[in-house]
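*Asks:* below is the sequence, then the predicted model.
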Amino acid sequence: MASKAVVALLEGLALGASLIIAIGPQNAFVLRQGLVRRHIGPIVAICALSDAGLILVGAAGVGSLVNASSGVFTVLALGGAAFLTWYGISAMRRALAPSSLQTDNEAGGSLRQAVMTVLALTWLNPHVYLDTVVLLGGISGRYPLETRVFFACGAMLASLVWFAALGYGARLLAPIFRRPLAWRILDSLIALVMFTIAARLLIEGVTMLNARLSPPPR
């Protein structure tokens, strides 16, 4: 039993890390806030707790149920595409008028603004649900209930470690981002990522919507 629990924990840790450690809107926002050293604790906590909740939902067996509902992902895809487009435009505007690294109380925006942004980037991104609820939830179903919890704990641990490292480790890059050019490059990359993901979500959303509206074959 102990060896099976360890295997499940390690597999959840490895798979969770492989899904979380990727360029995306959530990671880009955590990195940027880490660079300006503002509201890192709340942002890391929101990201980790959000992933933990979704992983638990998937491990509880909801993954297969959600996966069968294409209407849910249609709404999420179109809404997420609209939000990411707006965020990409904001990043592009910052890239056109970059500033050097600031560490005073005005840098990084207010706590409320940061919290609302990270909540939107987390919960309006359909790929978060695909990765946590559907994919991790589906794989965890291979384990019996007594070891499934260890798989889920491994995936949640990967999320917590990654976001903490990204947020608090970003300060090591601070000397580089004292130059406006570095911010221009970072915000340009963020805008590119946002627009790319938004376009993909829009295509997926329109495809799913057309599939739902198309008449069944005779």
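*Replies:* That came through, no problem.

*Asks:* can you pull up the most central residue in the protein?
*Replies:* Geometric centre of the chain, nearest residue: Gln26, 4.2 Å, by C-alpha atoms, centre = their mean.

*Asks:* who touches it in this structure?
*Replies:* Cys47, Val118, Leu121, Thr122, Asn125, Val128 (C-beta atoms under 8 Å, 6 or more residues apart in numbering). C-beta coordinates here come from the backbone N, C-alpha and C atoms, glycine included.

*Asks:* dump the residue contacts of the residue nearest to Asp187 when sequence neighbours are not counted.
*Replies:* Closest residue to Asp187 apart from its sequence neighbours, by C-beta to C-beta, 6 or more residues apart in numbering: Ala95 at 3.9 Å. Going by C-beta under 8 Å, 6+ apart, Ala95 touches Trp183, Arg184, Asp187, Ser188, Ala191.

*Asks:* any idea how far the residue nearest to the fourth one when sequence neighbours are not counted is from Ser110?
*Replies:* When the adjacent residues along the chain are set aside, Ser188 lies closest to Ala95, with 4.5 Å between them (C-beta to C-beta, 6+ apart). When distances are taken as C-beta to C-beta, to the nearest Å, Ala95 and Ser110 turn out to be 22 Å apart.

*Asks:* just Ala120 next, same as before
*Replies:* 15 Å.

*Asks:* likewise for Val193?
*Replies:* The value you get for Val193 to Ser110, if C-beta to C-beta is used, is 24 Å.

*Asks:* what of Ala97?
*Replies:* Taking C-beta to C-beta, one finds Ala97 at 20 Å from Ser110.

*Asks:* how close does Pro42 get to Arg93?
*Replies:* 25 Å.
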